[in-house]
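S.K.: When you get a sec, could you give me coordinates for this:
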Amino acid sequence: MTGRTRVVVCPMPMRLRLVFAAAASLLAAASAQAAFVDVSPPRLFRPFVMLLTDSIGKSIGRALPVPAASAGIIYDFDPLRGTFVRAVSPAGQIFLERPDPIARGHVNFSLAYERIRFDTLDGKRLESLRDTVPIPLRQSFAYTIPLFGIQLETQEVTASLTYGLTNDIEVNAAIPVLYTQFGLNLVAEFPAFGATSSFQTRLHEVGVGDLLLRGKYAFIRRPWVHAAFGLVLRIPSGNQDNFQSTGAVEVSPLIYVSQDPVTFGKLVSLQPYLNVGVDLDARKVNDSEARWGVGLDCAVAGRFTVALAILARHAFSTTLSPHVFDVPRARGAAAPLFGIEPGRPDFFDASIGGRVNLWRDTIFAFATAIAPLNRDGFRSDVIPLAGVEATL
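M.R.: Numbers count the residues shown, from 1 in each chain. Predicted coordinates for the structure are as follows:
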């Protein structure tokens with residue numbers, strides 16, 4: 001017997017509960033000829049549903065680094081002129097904050113677009129998850145899962161507004177709009193009675209993400225060190241059921257450090273950056289993360305700046321208990337479903353990009369790409385980002 005393939009295309013409000021209920025029902029129907037199941041499909045997929053429910057929303061919220069609130073250009077006080085003058089070169093960093101505020105009364109507005117397609121989970125390709133070790137049914141029957149393919153992609157446009165309250169303090173508000181697409185391809189085989197069942201679904205949703213309110217206070221300005229305190233408040237205005245929110249209020253205290261650019265000749269200058277902080281989950285402290293980043297700007301001729309950065313996040317705890325995916329096997333001991341063994345993830349990424357002055361020190365364009373340096377958790381092979389900003 002070969003089961004028919006069913007394809008469902010619909011919006012996502014009911015999210016994966018509908019998807020996995022349908023998939024579990026399909027497996028249950030295909031296995032009805034057996035005297036049913038020691039490990040029923042609903043029970044089998046419950047841990048995976050839990051992982052997706054609890055983790056993907058936060059993964060999207062945290063794996064998509066929001067562009068920094070810092071303006072591409074700042075104004076420094078010139079005591080000889082008695083006024084604020086534009087910095088020599090635009091900042092190149094897109095995700096690392098600079099410690100220098102934009103200056104009192106100045107405004108920066110930016111629009112940024114980024115796209116993320118989740119490609120791997122702990123190094124395993126999401127589009128081709130499989131488990132071919134037989135899972136036992138009663139009366140010596142068993143089934144395998146030759147394909148459990150997930151497609152998850154989010155396209156995001158973020159609007160950000162920064163305003164200089166004083167020469168030492170700036171505030172920012174940023175809100176993303178997301179278009180999220182989810183797909184599932186499932187194939188289950190029951191070798192004992194020649195049954196194969198398959199299930200496909202495609203879901204999509206558009207919505208706002210989490211609102212970010214950010215502030216910065218510069219407390220040291222010396223040629224050899226610039227330092228500022230930062231504070232970020234994440235308000236869960238998005239829908240976690242649609243993978244568009246972390247689902248929790250987060251408070252992030254941070255420190256931003258840099259120094260005056262070091263010049264090489266008349267055209268080139270280098271400037272380092274360091275950001276350190278923690279994202280505190282107000283609902284569950286164990287879900288918090290420490291984060292840091294280091295970067296280097298290379299400005300050329302005051303016109304454009306190339307930036308390199310290493311970005312890191314360190315989860316405080318594991319997403320799920322270590323053996324939550326373990327299921328019995330027809331041969332041998334229990335083993336994790338799809339070979340996935342959840343642990344405490346660490347995320348390391350590299351970014352390369354920059355910013356260019358398009359028009360009269362007022363309008364700038366920026367672009368960057370992020371690539372993972374390890375494969376913990378849900379990861380994308382590459383995250384491209386591009387945007388434009390204006391400083392007045």
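S.K.: what about residue 232, neighbour count?
M.R.: 21 (other Cβ atoms under 10 Å). (Glycine included, C-beta is placed from N, CA and C.)
S.K.: my guess is it meets residue 213, correct?
M.R.: Yes: Residue 232 lies in contact with residue 213 (Cβ atoms under 8 Å); the separation is 7.3 Å.
S.K.: what residues are up against residue 238?
M.R.: Counting by Cβ atoms under 8 Å, 6 or more residues apart in numbering, residue 238 makes contact with 61, 176, 178, 207, 208, 209, 210, 244, 245.
S.K.: Just the buried ones from the residues you listed?
M.R.: Neighbour counting by 16 or more other Cβ atoms under 10 Å classes 61, 176, 178, 207, 209, 210, 244, 245 among the contacts of residue 238 as buried.
S.K.: which among these gets closest to residue 331?
M.R.: Of all those, residue 61 has the smallest distance to residue 331: 40.8 Å, by Cβ to Cβ.
S.K.: What pLDDT does the model give the closest one?
M.R.: Per-residue pLDDT puts residue 61 at 67.
S.K.: quick revisit: inside strands: which ones of the contacts of residue 238?
M.R.: 176, 178, 207, 208 (DSSP state E).
S.K.: what is residue 347 paired to in the beta sheet?
M.R.: residue 313 (DSSP bridges).
S.K.: measure it to residue 360 for me?
M.R.: Counting by Cβ to Cβ, to the nearest Å, the gap from residue 347 to residue 360 is 39 Å.
S.K.: Next: residue 158.
M.R.: Computed as Cβ to Cβ, the residue 158 to residue 360 distance reads 25 Å.
S.K.: next one: residue 164
M.R.: 19 Å.
S.K.: Have a look at these two and say which one is more surrounded.
M.R.: Applying other Cβ under 10 Å to residue 164 and residue 360 shows that residue 164 carries more neighbours, namely 22 against 6.
S.K.: Dihedrals phi and psi, that one?
M.R.: Note on residue 164: its backbone torsions stand at phi -90, psi 110 [degrees, to the nearest 10].
S.K.: Save the ones in strands among the contacts of residue 238 as CSV, and put in distance to residue 387 and pLDDT too.
M.R.: Formatted as CSV, those follow (distance: Cβ to Cβ, whole Å; pLDDT from 0 to 100):
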residue, distance to residue 387, pLDDT
176, 12, 94
178, 15, 92
207, 20, 91
208, 18, 92
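S.K.: nearest to residue 342, of these?
M.R.: Checking the ones in strands among the contacts of residue 238 against residue 342 by Cβ to Cβ gives residue 178 as the nearest, at 25.4 Å.
S.K.: hmm, back to that, from the buried ones among the contacts of residue 238, which single one is nearest residue 261?
M.R.: Closest to residue 261, out of all of these and judged by Cβ to Cβ, is residue 176, at 31.3 Å.
S.K.: Hmm, the closest one is touching residue 155, no?
M.R.: No: judged on Cβ under 8 Å, residue 176 makes no contact with residue 155 at a distance of 10.2 Å.
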